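Novice: dropping the sequence and predicted coords here.
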Amino acid sequence: MNTISKNIKRFRQKKGWSQREVAEQLNISIPAFSKIENGITDINLKRLGQIAVLLEASIMDLMATDGENPQSKHSMHVNMLKIKLAKKEEEVIDLQRRVIELYEEVRLKNKKP
């Protein structure tokens, strides 16, 4: 049983649903869902998304390895990118200020007789 299959089973059990209930909501046969949950059948992204919505989980939650918190990992990554973006914005503002200063210098030099 692979990680995704284990997580699907864990989230299903957390909801208190049987394989039959989930299979019916996904409009697939019970054996087909059982094969997904037991890792016998590979699952495509579309089906994984349907299962995630049904189980009120994210695709990241279903793909997470034991003990991993994908949401906090994702949040940390987003925060790091925000910090990098803020630094780049500061650099752009500084460059704009320098361009304006150079423009003013050239303009003043051209005005002098």
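Specialist: Happy to help now that I have it. The shown structure was predicted, so the numbers you read here are calculated from the model rather than taken from an experiment.
Novice: longest helix of this protein?
Specialist: Ranked by number of residues, the top helix in the chain under DSSP state H is helix 70-111.
Novice: can you name every helix or strand that it contacts?
Specialist: helix 59-63 (3 or more C-beta pairs under 8 Å, 6 or more residues apart in numbering; DSSP states H and E). Backbone N, C-alpha and C define where each C-beta goes, glycine included.
Novice: what is the helix it packs on packed up against?
Specialist: Using 3+ C-beta pairs under 8 Å, 6+ apart: helix 59-63 touches helix 3-15, helix 45-54, helix 70-111.
Novice: Arg12 is in contact with Val22, isn't it?
Specialist: Yes. With contact defined as C-beta atoms under 8 Å, Arg12 counts as touching Val22 (5.6 Å).
Novice: mind checking which of these two has more residues around it?
Specialist: Val22 (23 against 20; other C-beta atoms under 10 Å).
Novice: how near is the more buried one to Leu48?
Specialist: Distance, Val22 to Leu48, by C-beta to C-beta, to the nearest Å: 13 Å.
Novice: next one: Glu104
Specialist: In terms of C-beta to C-beta, Glu104 sits 58 Å off from Leu48.
Novice: to Lys35, which of the helices and strands packed on helix 59-63 lies closest?
Specialist: helix 3-15 (9.3 Å; C-beta to C-beta).
Novice: packing partners for whichever helix or strand comes after the closest one?
Specialist: Using DSSP states H and E, the helix or strand that follows helix 3-15 towards the C-terminus is helix 19-26. Helices and strands touching helix 19-26, by 3+ C-beta pairs under 8 Å, 6+ apart, are helix 30-37, helix 45-54.
Novice: in TSV, list these along with distance to Thr65, mean pLDDT and mean neighbour count.
Specialist: Below are these laid out as TSV (distance: least, C-beta to C-beta, whole Å; pLDDT from 0 to 100; neighbours: other C-beta atoms under 10 Å):
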stretch	distance to Thr65	mean pLDDT	mean neighbour count
helix 30-37	17	94	18
helix 45-54	16	93	15
